Every structure is written in structure tokens, then in C-alpha cells.
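Participant: Need a 3D model of the following:
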Amino acid sequence: MSKSKLLSITGGAKDIGADILEELQKLTTAFYETLPIDGKDQLKLLAKQNSIVHAKIGLALFRRLKATANFFAQGRLSYSE
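Facilitator: As a prediction, the model looks like this:
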């Protein structure tokens, strides 16, 4: 996304080529299929079917899940009941 300068886009898919948009949709779909969370199907609806926004939400989720996984691995975070 950064190479295609999609991270700086704040709204719709302005001057994005069809090939880039198609590849972004494929990668985003593959990413969301691997997420072990509930409610991920509603995220595209919340993004108003905007592929760029949907992908940006995916990146934000990834960053947060990665940090959480690191905390678990370090023993700084654990499940409690």
C-alpha cells in the first residue's frame, strides 16, 4: 500500500488503477480470511464497501494483534477469568 501511495488517500479510490485495486482486494480478502476474530465480515460494510479503507482497517488490526501477540510471548499479558 505504501509503494502505491494508498496510505495517504483519505477518501475514495481517486486515481487508482484497476489492476492495483484488484490486487489490493485480493490481498485484503486473503488477510481477513486468516484473522481469528469475530465480526470481521462486518468491517467492509462499516468501510462502506471502500476497498482502501477496508485494507487500512486490516493494517490497523494487524499492528494491534502483532503487538498483543508479542506481549503474550513475553509473558506481559495473559488471559484471566
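
Participant: which ones are touching residue 58?
Facilitator: Going by CB atoms under 8 Å, 6 or more residues apart in numbering, residue 58 touches 28, 31-32, 43. From N, CA and C alone the C-beta is placed, and that goes for glycine too.

Participant: which element is it on?
Facilitator: helix 51-74 (DSSP states H and E).

Participant: circling back to that earlier point, may I ask which of the contacts of residue 58 has the most neighbours?
Facilitator: Within the contacts of residue 58, residue 28 tops the neighbour count with 21 neighbours, counted by other CB atoms under 10 Å.

Participant: Of the contacts of residue 58, which pair is most distant in space?
Facilitator: The most widely separated members of those, counting by CB to CB, are 31 and 43 (11.1 Å).

Participant: what mean pLDDT does stretch 52-64 have?
Facilitator: What stretch 52-64 shows for mean pLDDT is 89.

Participant: and it, C-alpha only, in PDB?
Facilitator: Included here for stretch 52-64 are C-alpha records, laid out as PDB according to Å, rounded to 0.1, in the frame of the first residue of the first chain:
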ATOM      1  CA  ILE A  52      -8.800   1.100   0.500                       C
ATOM      2  CA  VAL A  53     -10.500   1.900   3.800                       C
ATOM      3  CA  HIS A  54     -11.100  -1.800   4.400                       C
ATOM      4  CA  ALA A  55      -7.400  -2.600   3.800                       C
ATOM      5  CA  LYS A  56      -6.400   0.300   6.100                       C
ATOM      6  CA  ILE A  57      -8.600  -1.200   8.900                       C
ATOM      7  CA  GLY A  58      -6.900  -4.500   8.200                       C
ATOM      8  CA  LEU A  59      -3.500  -3.000   8.700                       C
ATOM      9  CA  ALA A  60      -4.500  -1.300  11.900                       C
ATOM     10  CA  LEU A  61      -5.900  -4.700  13.200                       C
ATOM     11  CA  PHE A  62      -2.600  -6.400  12.200                       C
ATOM     12  CA  ARG A  63      -0.500  -3.900  14.000                       C
ATOM     13  CA  ARG A  64      -2.500  -4.300  17.200                       C
END
